[in-house]
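Chemist: kindly generate the corresponding structure for this input.
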Amino acid sequence: MDGLTAAIEEMQRIIVGQDKVLRHALAACLAGGHVLFEDVPGTGKTTLAATMAKVMGLHFTRVQGTPDLLPSELVGTMVFRPDKAEFEFRAGPVFTQVLLMDEVNRATPRTQSALLEAMSEQQVTVDGVTRRLDAPFFVMATANPLESQGVFPLPEAQLDRFLVQLRLGYVSLEDELEMVRRIRLRLPIDPKAVLNVQKVLEARTVTRNIYVAEDLIHYIVELCRASRVHDEIALGASPRSVLYLTSFCQALALLSGRDYILPDDVKEAWLPVMRHRMVLRSGWNADDGVNGSQVDDILNDVLHYVAVPTEIEYGAHE
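Modeler: Residues are numbered from 1 along each chain as shown. Down below sits the predicted model:
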């Protein structure tokens with residue numbers, strides 16, 4: 001689709017050495033999902049979110065998660081207007097198009113719950129009145145996996161609302177040298193708006209109509225079911241994650257310039273869509289936030305165990 005390749009190229013002018021993460025973050029937006037960045041501080045999560053919002057031409061808001069952040073400070077509250085002698089709704093920062101919830105695991109469960117309604121229902125409820133959020137509504141949240149003081153781990157129900165979990169990690173030596181040259185030794189680069197609201201909504205519609213062959217539907221379902229019976233997994237892929245995996249594969253196909261998905265799309269989507277949904281029998285994900293995790297290793301085992309379909313009739317939709 002016109003503009004998507006240009007959008008990624010524009011983001012690459014700002015974000016160095018994170019091509020796959022940029023592709024996956026944009027794919028998540030096109031699929032109508034949300035992104036959880038779980039990584040150590042200083043890897044560029046906030047810069048990526050702000051850059052992506054500007055390139056897509058969408059309104060951007062950042063909220064810092066803290067233990068004293070109230071739900072009303074996120075979704076809004078009723079304020080009394082003496083001049084009108086009535087209460088008036090004052091919208092919170094969640095009324096935006098791209099919301100960056102920084103350090104979401106520092107917010108209290110009540111505030112996390114308020115964000116959950118916005119993410120899953122595209123609406124918020126204040127004083128019994130439900131208010132719809134503008135479309136598109138896209139949440140990018142960050143969490144530091146190494147912190148243990150003053151944090152409130154996200155419950156599985158909220159983790160399941162994030163389409164993908166992405167990790168930036170450390171870039172290569174050459175990319176880190178280029179980052180210094182580009183950011184400190186040259187004039188600042190101001191990203192241009194390549195897309196706009198209408199184009200993003202159109203791309204979401206196109207994504208939903210990407211063709212998925214019957215054999216690939218079976219492949220996706222069999223992968224998810226295999227995760228539920230793995231010896232080392234206590235909680236595997238939910239039925240919702242089957243739908244999420246399909247939609248993310250459709251978005252990856254669109255970014256690759258195709259109107260149908262391939263088995264390679266499923267393989268590419270498998271880890272980012274599933275890694276935050278697995279609960280191991282030995283305990284929660286033993287993740288260092290940089291070099292991968294035990295969960296990734298087990299998910300790769302599942303991927304290798306399930307047979308890949310062959311001789312798929314991709315032209316059947318034409």
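
Chemist: how about the contacts made by E222?
Modeler: Contact partners of E222, counting by CB atoms under 8 Å, 6 or more residues apart in numbering, are V306. C-beta coordinates here come from the backbone N, C-alpha and C atoms, glycine included.

Chemist: what count of nearby residues applies to L22?
Modeler: 23 (other CB atoms under 10 Å).

Chemist: doesn't I15 make contact with it?
Modeler: Yes: using CB atoms under 8 Å, L22 is in contact with I15, at 6.1 Å.

Chemist: which residues do the two both contact?
Modeler: L48.

Chemist: where do the helices sit along the stretch 151-300 of the chain?
Modeler: Assignment of helices within the stretch 151-300 of the chain using DSSP state H, counting those that start in this stretch yields the ranges 156-159, 173-184, 197-208, 214-228, 239-255, 263-274, 294-305.

Chemist: ok, which of these comes nearest D39?
Modeler: Shortest distance between D39 and the helices of the stretch 151-300 of the chain, using CB to CB, is found for helix 263-274: 12.9 Å.

Chemist: what's the burial count for I8?
Modeler: 19.

Chemist: so it sits in a helix?
Modeler: Yes: counting by DSSP: H, G, I helix; E, B strand; the rest coil, I8 falls inside a helix.

Chemist: got a list of what it touches?
Modeler: I8 neighbours (CB under 8 Å, 6+ apart): 19, 22-23, 26, 255.

Chemist: burial of the nearest residue to E103 once chain neighbours are set aside, as a residue count?
Modeler: Spatially, and ignoring its direct neighbours in sequence, E103 is nearest to G65 (4.3 Å; CB to CB, 6 or more residues apart in numbering). For G65, the count of nearby residues is 22 (other CB under 10 Å).

Chemist: try the one 3 residues further on
Modeler: Other residues within reach of D68, judged by other CB under 10 Å, total 9.

Chemist: go on, the one 10 residues further on?
Modeler: Summarising burial for M78: neighbours were counted as other CB under 10 Å, giving 14.

Chemist: quick check: which element contains V139?
Modeler: Taking DSSP states H and E as the criterion, the element that holds V139 is strand 138-143.

Chemist: thinking again about what came up before, make JSON lines from the helices of the stretch 151-300 of the chain and add distance to T125 to it.
Modeler: As requested, these are arranged in JSON lines below (distance: least, CB to CB, whole Å):
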{"stretch": "helix 156-159", "distance to T125": "17"}
{"stretch": "helix 173-184", "distance to T125": "42"}
{"stretch": "helix 197-208", "distance to T125": "24"}
{"stretch": "helix 214-228", "distance to T125": "32"}
{"stretch": "helix 239-255", "distance to T125": "22"}
{"stretch": "helix 263-274", "distance to T125": "29"}
{"stretch": "helix 294-305", "distance to T125": "34"}
